[in-house]
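[1] fold the following for me, if possible:
(2 chains)
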There are 2 protein chains.
Amino acid sequence: MKQIDSPKNDTIKEIIKLKQTKYQNRQQQYLLEGRHEISEAIQSKAPIQQLLVTETQILPYLKYAADFELIQISAQVSQHLSATKTNQGVFAVMQITDTALPKQLSGAWLLLDDLQDPGNVGTMVRTADAAGFAGVILGEKTVSIYNDKVLRAMQGSQFHLPIYKGNLTEAVAQCQQQGLSVFGTALDPQAKNYQTVTPLKDFGLVIGNEGNGVRPEILAQTDENLYIPILGKAESLNAGVAAGILMFYLHQ
Amino acid sequence: MKQIDSPKNDTIKEIIKLKQTKYQNRQQQYLLEGRHEISEAIQSKAPIQQLLVTETQILPYLKYAADFELIQISAQVSQHLSATKTNQGVFAVMQITDTALPKQLSGAWLLLDDLQDPGNVGTMVRTADAAGFAGVILGEKTVSIYNDKVLRAMQGSQFHLPIYKGNLTEAVAQCQQQGLSVFGTALDPQAKNYQTVTPLKDFGLVIGNEGNGVRPEILAQTDENLYIPILGKAESLNAGVAAGILMFYLHQ
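    All right, here's what the predicted structure looks like:
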């Protein structure tokens, strides 16, 4: 088994570059961190290219030495790889396998229009997973799911449901062509109270940017636009919470 | 109007100490930051003791010079006061007015048992506000709402609904004595699916620690314990999202 003690090692320097979107796109790889996340990747047979583990954590990973390139790293290397102050000493270089949206769509789909907060995006993907959604479609301007904060908030849900990136107008049109009702979301009380919708199996739900909401051209394209009535004095809900309320309410 | 340009000024040094819980408790004051938050404080006639604003932001605050001590601060002082990298240059020293739980309770109450993540706590208070809850009760071990991350996530909801701190066992008992059903929450599918509960007006909802859930002694005390069925492969929901789904579902 390979052992790397110095953060200046060339392999490590290349891996650290994978924290940047530019290198993720170029290499079609991203860096995954955390025991839970990597155990989800292994269970889901996701394409792990390298497994990097500190000496104190390596025992349970030795059995994978035949399946993946297993590298034992020092605590110092672990600190350099980690996006957090305290790290678990378990990392993987993952292959990115971007695929086109399937031609047949069914079930519930979450569509994210220009979401910028990584924690929100990760939480929404995790919630879509928990709510039994079929998949997630990210509009072009939505933050990359390989951002370390998105990865942390997703808690491995990227291995449970497909996540596509693409043109949202086209994705909405494709949903509709295949008989899925598409719901936009709006703060505007002129939209429809979500509680008046009968829960259903096949649909799309579009969540918009934290500050600006769903773009008007998308709202014009959807079948209905929903809002969550605010009963108290708060101006709005956190975007992740609002998305969770709608996903769990709408999905039959 | 007083003007302070140096972060080493004694008044500023005292105010910076208010970022620490120890000094908040000692002085019964906390530091609030942000245009939106301070506008909520002003509208709610909350006890502002000092208003500190940078020169470029001061114009709309001049009209309050008769009501509060208004101090013009330099950009450098603003950077020292702020908990964020980019700040809006608007701060207030607020008086803490802790009060005992009222003897009469009605409406919906959110009870937080040992919640540790500041973002989660702030988001839950904001959601309780949006869902029209009557108030929030924080168990003794729950993170302080005067933590800067809680304050940021609350977005001023502390001025919209009362937030009490106290013994959670006693609070649950008091809710029950006054006829409020109290619901615990559990990951355990042996608890009751929340969707089988008929939405109601007067109740308590207990949310537990992010990792450990609600303490067993509290779960034994509640009228019912609820869980949110996970339909996909995610292990759990984000605590703030789970609390939001339950609050919006249960509150009639």
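[2] and the closest residue to chain B within the stretch 151-252 of chain A, helix, strand or coil?
    Residue of the stretch 151-252 of chain A nearest chain B, by CB to the nearest CB: A:Leu231 (2.9 Å). No exception for glycine: its C-beta is placed from N, CA and C like everyone else's. Using DSSP: H, G, I helix; E, B strand; the rest coil, the structure places A:Leu231 in coil.
[3] burial count for it?
    Neighbour count for A:Leu231, taken as other CB atoms under 10 Å in any protein chain shown: 14.
[4] name the element the nearest residue to it once chain neighbours are set aside belongs to?
    Distances taken as CB to CB, 6 or more residues apart in numbering or on different chains put B:Gly132 closest to A:Leu231, at 2.9 Å, once the chain neighbours are dropped. For B:Gly132, there is no enclosing helix or strand under DSSP states H and E.
[5] residues touching B:Gly132, list them.
    Each residue near B:Gly132 by CB atoms under 8 Å, 6 or more residues apart in numbering or on different chains is listed here: A:231-232, B:108, B:251.
[6] show me the shaky parts of the stretch 51-200 of chain A.
    For the stretch 51-200 of chain A, no stretch is flagged by pLDDT under 70.
[7] most proximal residue of it with respect to chain B?
    In the stretch 51-200 of chain A, the residue that lies nearest chain B is A:Gly132 (2.9 Å; CB to the nearest CB).
[8] domains in chain A, by residue range?
    A:2-95, A:108-250 (automatic domain parsing).
[9] buried deepest among these, which one?
    Comparing the domains of chain A by mean neighbour count (mean count of other CB atoms under 10 Å in any protein chain shown), domain A:108-250 ranks first with a mean of 20.
[10] quick one: distance of that domain to the chain centre.
    Chain-centre distance of domain A:108-250: 12 Å, with CA atoms, centre = their mean, to the nearest Å.
[11] what about A:Asp98, neighbour count?
    A:Asp98, neighbours per other CB under 10 Å, totals 10.
[12] now it: closest residue in space, sequence neighbours ignored.
    In space, and not counting its chain neighbours, A:Asp98 is closest to A:Lys165: 6.8 Å by CB to CB, 6+ apart.
[13] I'd say that neighbour and A:Glu140 touch.
    Yes: at 6.9 Å, A:Lys165 counts as touching A:Glu140 under the criterion of CB atoms under 8 Å.
[14] how about the helices in the stretch 151-252 of chain A?
    Along the stretch 151-252 of chain A, counting by DSSP state H, counting those that start in this stretch, helices occupy A:168-177, A:216-221, A:239-250.
[15] for A:Tyr146, list the residues it contacts.
    By CB under 8 Å, 6+ apart, A:Tyr146 lies in contact with A:21, A:24, A:30, A:96.
[16] same thing but 7 Å
    Contacts for A:Tyr146 (CB atoms under 7 Å, 6 or more residues apart in numbering or on different chains) come out as A:24, A:30, A:96.
[17] is it true that the last one touches A:Tyr30?
    Yes: taking CB atoms under 7 Å as the contact criterion, A:Ile96 and A:Tyr30 are neighbours in contact, 6.0 Å apart.
[18] closest one of the contacts of A:Tyr146 to B:Tyr61?
    A:Gln24 (44.5 Å; CB to CB).
[19] what residues does that closest one make contact with?
    Neighbour list for A:Gln24: A:18, A:30, A:96, A:144, A:146 [criterion: CB under 7 Å, 6+ apart].
[20] which residue comes closest to the first one once chain neighbours are left out?
    This means A:Leu18. Per CB to CB, 6+ apart, closest to A:Leu18 is A:Leu31, 4.5 Å.
[21] wait, a strand at that neighbour?
    Yes: checked against three-state DSSP, A:Leu31 lies within a strand.
[22] show me what it bridges to in the sheet.
    With DSSP bridges applied, the residues forming beta bridges to A:Leu31 are A:Val93.
[23] please tell me how far A:Tyr164 sits from A:Asp98.
    Counting by CB to CB, to the nearest Å, the gap from A:Tyr164 to A:Asp98 is 8 Å.
[24] for A:Ser74, grab phi and psi.
    Here is the backbone geometry of A:Ser74 (degrees, to the nearest 10): phi -80, psi 160.
[25] surely it touches A:Asp5?
    Yes: between A:Ser74 and A:Asp5 there is a contact at 4.2 Å, judged by CB under 7 Å.
[26] near chain B, which residues of the stretch 151-252 of chain A?
    A:157, A:160-161, A:230-234, A:237-238, A:240-241, A:244-245, A:248 (CB under 7 Å from any CB of the partner chain).
[27] state the pair within those that is farthest apart.
    A:His160 and A:Lys233 (37.4 Å).
[28] what helix or strand is the residue lying closest to A:Asn87 once chain neighbours are set aside located in?
    Leaving aside its chain neighbours, A:Asn87 sits nearest to A:Ser78 (5.7 Å; criterion: CB to CB, 6+ apart). Using DSSP H and E, A:Ser78 maps to helix A:75-81.
[29] now find how far off-centre that helix is within its chain.
    25 Å.
[30] does A:Met247 touch A:Val125 like I think?
    No: assessed by CB under 7 Å, A:Met247 is found out of contact with A:Val125, at 10.9 Å.
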